[in-house]
Structure formats: C-alpha cells, structure tokens
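# Return a 3D structure for these sequence lines:
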Amino acid sequence: MSSKRPVSPVKPSSMELIFLYACPFCRREIPLVSPAHPTLVTCDACRQKFPIVPVDQRSVHYVKIMLDNGEAAIDPDYM
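Coordinates of the predicted model:
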C-alpha cells in the first residue's frame, strides 16, 4: 500500500567537486570528480587520450569542510 502524502524535499547528504578538463583535440569539456592522480583521460567525443593535471586534495577537502559536505550549500530561503 502506498502513501498519498507528498514527499518532503531532501537536503544534500554529501558532495563532490567536479572539475572540467578541455580536450586539447576537440575542446570538449570532460567532467571529472576531483582527480587525485595524474592520468590519461579519453575524450568521449573524439576518443583521443590526453594527460591531466590532478587537483590538490587539500583544496577539495577545504571546500567540503567549508560547505559542511554539502549541507551548508542549501538555499536558506528555501528551507
């Protein structure tokens, strides 16, 4: 039996930072979740491989702490 009550809005339970890397061949922006190590990435548009520079994990950790892992990023006027 399903309830007919409306579902309350859900707050973020966690967060990730997505970095966009422009493919040097076709310029398509490839989204990557906080890459921690240098690696080769394959562009999903042109299928070419290229190396990326990793992001500083201390900076990622700092942003997550400042936003309370996403909970402090909600719109205060909404809640």
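
# residue ranges of the strands in this protein, please?
18-22, 29-33, 39-42, 49-52 (DSSP state E).

# Relative to the last one, what are the paired strands and their orientations?
Strand partners for strand 49-52, identified by DSSP bridges, are recorded as strand 39-42 (antiparallel).

# Could you give the separation of the strand it pairs with from the chain centroid?
17 Å (Cα atoms, centre = their mean, to the nearest Å).

# Look up the pLDDT of Ser2 for me, please.
At Ser2, the model reports a pLDDT of 65.

# give the contact list for Cys23.
Applying Cβ atoms under 8 Å, 6 or more residues apart in numbering, we find Cys23 in contact with Glu29, Ile30, Cys43, Ala45, Cys46, Gln48, Phe50. Where you see a C-beta, it was placed from the backbone N, CA and C, and this is true even at glycine.

# Lys49 now?
By Cβ under 8 Å, 6+ apart, the neighbours of Lys49 are Leu40, Val41, Thr42, Cys43.

# again, 6 Å this time
Listed by Cβ atoms under 6 Å, 6 or more residues apart in numbering, the contact set of Lys49 reads Leu40, Thr42.
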